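Peer 1: Below is the structure, and that's it, no one-letter string:
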């Protein structure tokens, strides 16, 4: 990544969340010997960031919104699995509460991006370099990277 890479909050937060989910699920499998729920949680929790990455490479505004919507669905599913772990008393503690809170924060950001994208709120556009075509989505409160086409 170059120095000129603009900060993308949802990309960074969803990746950091996925890293925490991987560590959490690894611990859940090793310490609690919980394999079924941890596998479901691992899939949905890491899928959020994967879908954000796909959205960043989207070919259209509609494709971008669709991929972000999938990421939001995965975030909701992740919250479900975390709540189930709490309710079933498989695991308790502040780390579980922190993960639920962090996932809700990611979901809030995703919902804001989706709403902004679908309502077509006028956004700022970064200046283009001459002789290079770019595909870019510039969403309020979120910045995506530019790709050459």
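Peer 2: Yes, it's here. Computed from a prediction, not measured in an experiment: that's the story for all the values here.
Peer 1: so how far is residue 49 from residue 22?
Peer 2: Per Cβ to Cβ, to the nearest Å, residue 22 is found 11 Å from residue 49. Using the backbone N, CA and C atoms, a C-beta is placed for each residue, glycine as well.
Peer 1: if you count what's nearby, which of these two comes out ahead?
Peer 2: Between residue 22 and residue 49, residue 49 has the larger neighbour count (other Cβ atoms under 10 Å), namely 23 against 13.
Peer 1: Apart from its neighbours in sequence, what residue is nearest the more buried one?
Peer 2: Excluding the flanking residues, the one nearest residue 49 by Cβ to Cβ, 6 or more residues apart in numbering is residue 14, at 3.7 Å.
Peer 1: neighbours of that neighbour, just the number please.
Peer 2: When neighbours are defined as other Cβ under 10 Å, residue 14 has 26 of them.
Peer 1: can you tell me how far residue 112 sits from residue 78?
Peer 2: When residue 112 is compared with residue 78 (using Cβ to Cβ), they lie 18 Å apart.
Peer 1: between the two, which one's more packed in?
Peer 2: Taking other Cβ under 10 Å, residue 112 and residue 78 do not tie; residue 78 has more neighbours (29 against 16).
Peer 1: which ones are touching the more buried one?
Peer 2: Applying Cβ atoms under 8 Å, 6 or more residues apart in numbering to residue 78 gives the contacts 21, 41, 44-45, 48, 103.
Peer 1: Mind telling me what element it is part of?
Peer 2: Following DSSP states H and E, one finds residue 78 within helix 61-87.
Peer 1: I'd like to know the average pLDDT value across the helix or strand following that helix.
Peer 2: The C-terminal neighbour of helix 61-87 among helices and strands, as given by DSSP H and E, is helix 94-119. Computed over helix 94-119, the mean pLDDT rounds to 95.
Peer 1: Give me the pLDDT value at the residue nearest to residue 49.
Peer 2: Turning to residue 14, the model gives it a pLDDT of 98.
Peer 1: Then residue 128?
Peer 2: According to the prediction, residue 128 has pLDDT 42.
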